[in-house]
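Q: attaching a predicted model along with its sequence, questions to come.
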Amino acid sequence: MTTRKFSTLSPALLALPILAAAPFAGPAEVAAAPDNAASDVTFTRGNRNTDLEPAFPEQFRADLVEGETETSVELLVGGLVHPWGIDQLPDGSFLVTERPGRLRHVSADGTLHDPIEGLPEVYNQPASPEASVQAGLLDVKIGPDFANDRMVYFTYSKPMEGETTVTAAARGVLSEDMTTLSDVEDIFVQDPPSEAPMHYGSRLVFPGDGTVFITTGEHFTEKYREYAQDLDKTYGKVIRVNLDGSIPEDNPFVGKDGVDSIWSLGHRNIQAADMSPDGRLHIVEHGPAGGDELNRPEPGLNYGWPKVSYGEEYSGEAVGEGRASMEGMEEPLYFWDPVIAPGGMSFVSGEMFPEWEGDMLIGSLYPGGLVRLELDGEGFVAHEERLLRKQGRVRDVDVLQDGSIVFLTDLENGSIMHMTAKE
């Protein structure tokens, strides 16, 4: 076991009265950051929740910088109900999900079209009248061969028997007029079903080898979180399947004890994932109070949750034995305390922001805005910058064909925002 290892990210710590009202939901999922959550001029990271020592210097609180890049942010389209995932189509238009269960086509000029028909039933209910809604229609990505087969992939909270749900991934063929999905089929269904409608994950990533990564959550509760360590369950895992849902022969648990679709285990609630320029999967997952993690999941490795964490329970109690490290479990590449409550993420490429080439942009639900990470030559975090904090809850980030950036504000009246370099 090396002393420098790699992991995921976590949710945000809000006021204790909110936690008391919603005991099952992560704080970042309960309330939106205020519009004036932070000044873009002064920013401090704040006090830690724990005093657990980082395993190596680059793992925590990289130099906080204020870059010189000037940006311009404009509204592309508003009136979206808790938008969750976005992807650009080859013609420059977009597909965007709304958490209540709608998939929308948005023209490049911002024209919002009627919901696309043909989606399966989507579960979208809170855990209790006081709790936040985490279930719904989640990520969306056009398939790697969309130009030929028009295949669209998406994740969602799938209702099961007895008022239970799971994270599911599905695909369907988008009509030429962008109004209907046909031939819809699930390619992954989490198992077993859960009574707790929280911590679904979930993101889709195509590594370019004919497979797709699907991230899941562990449904939060004391009972279910333990399943993140179980190889016979797909809670708290990175999943890897072929594009049709069949199992790649080189997955780490094929022919061994464990579910064949599992790539890595011991994750909490992975809501950010992307391939780095060097072709490695990176994920960011919600931790508890403190302990959001950035990881580079490797096949068959265990990333520790809920046995180890750099955070603590929302109650202030220790997670497990109060340990951040344990033999046989991987260290996160980077962690946050206090948390950033990660939304989606993308690596920057293209001509619009050459000074950010290869950097990571992560949406923040609390305190809000974007988090930029600059990696060094060994892939460790060298610098961190906080951007656009007044934008509030950012649920997803996508780098477009021209190198400009769109991001989603996760609100009842949510938006697609477009960021370009300031002229």
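A: Thanks, I have the structure now.

Q: okay, CA-based contacts and neighbour counts for the rest of this
A: Will do.

Q: after the worst-scoring helix or strand of the chain on mean pLDDT, next one along is what?
A: For the chain, counting by mean pLDDT, DSSP states H and E, helix 16-21 ranks last in confidence among helices and strands (a mean of 27). Scanning the chain past helix 16-21 towards its C-terminal end, the next helix or strand to appear is strand 63-64 (assignment: DSSP states H and E).

Q: contacts for that following strand?
A: Contacting residues not belonging to strand 63-64 are listed as 382-385 [CA atoms under 8 Å, 6 or more residues apart in numbering].

Q: how about these in CSV, adding secondary structure?
A: Listed next are these as CSV, based on DSSP: H, G, I helix; E, B strand; the rest coil:
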residue, secondary structure
Ala382, strand
His383, strand
Glu384, strand
Glu385, strand
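
Q: by neighbour count, which of those residues wins?
A: Ranked by the number of neighbours (other CA atoms under 10 Å), the contacts of strand 63-64 place Glu384 first, at 20 neighbours.

Q: Phe43 versus that residue, what's the distance?
A: Look at Glu384 and Phe43: by CA to CA, to the nearest Å, they are 12 Å apart.

Q: same check on Pro193?
A: According to CA to CA, Pro193 and Phe43 sit 42 Å apart.

Q: compare these two (neighbour count), which wins?
A: The residue with the greater number of neighbours, taking Pro193 and Phe43 and applying other CA under 10 Å, is Pro193; the counts read 20 against 13.

Q: which residues touch that one?
A: Counting by CA under 8 Å, 6+ apart, Pro193 touches 160, 164-166.

Q: could you look up the SS state of Leu408?
A: Taken by three-state DSSP, the conformation at Leu408 corresponds to strand.

Q: and it, what does it touch?
A: The contact partners of Leu408, taken as CA under 8 Å, 6+ apart, are 83-86, 394-397, 414-417.

Q: so what's it closest to, chain neighbours aside?
A: Spatially, and ignoring its direct neighbours in sequence, Leu408 is nearest to Ile416 (4.8 Å; CA to CA, 6 or more residues apart in numbering).

Q: so which bits of the strand or helix carrying that neighbour are buried?
A: Per DSSP H and E: Ile416 is located in strand 414-421. In terms of neighbour count (16 or more other CA atoms under 10 Å), strand 414-421 has its buried residues at 414-420.

Q: so where's the protein shaky on pLDDT?
A: Applying pLDDT under 70 to the chain flags residues 1-42.

Q: now Ala324: how far from Arg45?
A: Ala324 is 20 Å from Arg45, by CA to CA.

Q: show me which of the two is the more surrounded one.
A: Ala324 (22 against 13).

Q: for that one, give me its contacts.
A: Ala324 makes contact with 52, 308-310 under the criterion CA under 8 Å, 6+ apart.

Q: got phi/psi on it?
A: In terms of degrees, to the nearest 10, the main-chain angles of Ala324 are phi -100, psi -20.

Q: in which helix or strand would I find Asp257?
A: When elements are assigned from DSSP H and E, Asp257 belongs to no helix and no strand.

Q: report how many residues lie close to it.
A: Residues lying near Asp257 (other CA under 10 Å) number 9.

Q: and for Glu249?
A: Close neighbours of Glu249, defined as other CA under 10 Å, add up to 13.

Q: what secondary structure does it sit in?
A: Note that with three-state DSSP, the state of Glu249 is coil.

Q: could you do Lys390 as well?
A: Going by three-state DSSP: Lys390 is helix.

Q: that one contacts Leu365, doesn't it?
A: No. Lys390 is not in contact with Leu365 according to CA atoms under 8 Å; the separation is 11.2 Å.

Q: more neighbours: which of these two?
A: More crowded of Lys390 and Leu365, by other CA under 10 Å: Leu365, with 31 against 18.

Q: which residue is the nearest non-sequential neighbour of that one?
A: Leaving aside its sequence neighbours, Leu365 sits nearest to Arg393 (CA to CA, 6+ apart; 4.0 Å).

Q: quick one: that neighbour from Tyr334, how far?
A: Spatial separation of Arg393 from Tyr334 under the definition CA to CA is 21 Å.

Q: who's more crowded, those two?
A: More crowded of Arg393 and Tyr334, by other CA under 10 Å: Arg393, with 31 against 28.

Q: which residues touch that one?
A: Residues touching Arg393, when contacts are defined by CA under 8 Å, 6+ apart, comprise 32-33, 363-369, 409-411.

Q: measure the residue most central in space within the chain to Asn295 for me?
A: Centrality entry for the chain: nearest residue to the mean C-alpha point is Gln271, 1.7 Å, by CA atoms, centre = their mean. Separation of Gln271 from Asn295 (CA to CA): 12 Å.
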